[in-house]
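Engineer: Predicted model and sequence follow; I will ask about them next.
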Amino acid sequence: MAHAQRITAPPRRLLAMIPNLTIVEVPEGELCCGSAGTYNLEQPELARQIGERKALNIISVAPQAVVTGNIGCMNQIKVHLEMLEQPLPIWHTVEVLDLAYTGA
């Protein structure tokens, strides 16, 4: 959402309304994860480097989970966190909002 649609603030505002949810910004959070459509297929080595950098930045803030609005990023981040032996739950923004609204 951040790169293709230039949407960043609205999802954060919605997530910030969830009681007991602390949002921790990741260093260089504005940078791509390296998945970007077919980029990871067309440029696998660069995508790997970018994905690893994103994962290391995530690890640096020691979150309990990762939330993103992009399914490609979900997979890319998951793969690189696992490669670094630092797996974390990864949620889509809509999943977190659904849990907050329904309590399910």
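Structural biologist: Received, thanks. Numbering: from 1, shown residues only.
Engineer: Tell me who's in contact with the residue nearest the centre of the chain.
Structural biologist: Centroid check for the chain by CA atoms, centre = their mean gives T68 as the closest residue, at 3.8 Å. Listed by CB atoms under 8 Å, 6 or more residues apart in numbering, the contact partners of T68 are C33, M74, I77, I90, W91, H92, T93. Quick note: C-beta positions are derived from backbone N, CA and C, even for glycine.
Engineer: Quick one: buried ones out of those residues?
Structural biologist: Listed as buried from these are C33, M74, I77, I90, W91, T93; burial here means 16 or more other CB atoms under 10 Å.
Engineer: Any chance of TSV for those, columns distance to Q49, pLDDT and secondary structure?
Structural biologist: TSV is the format used below for the buried ones among the contacts of T68 (distance: CB to CB, whole Å; pLDDT from 0 to 100; DSSP: H, G, I helix; E, B strand; the rest coil):
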residue	distance to Q49	pLDDT	secondary structure
C33	11	92	coil
M74	19	96	helix
I77	14	97	helix
I90	20	98	strand
W91	25	97	strand
T93	26	95	helix
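Engineer: Thank you kindly, that will do.
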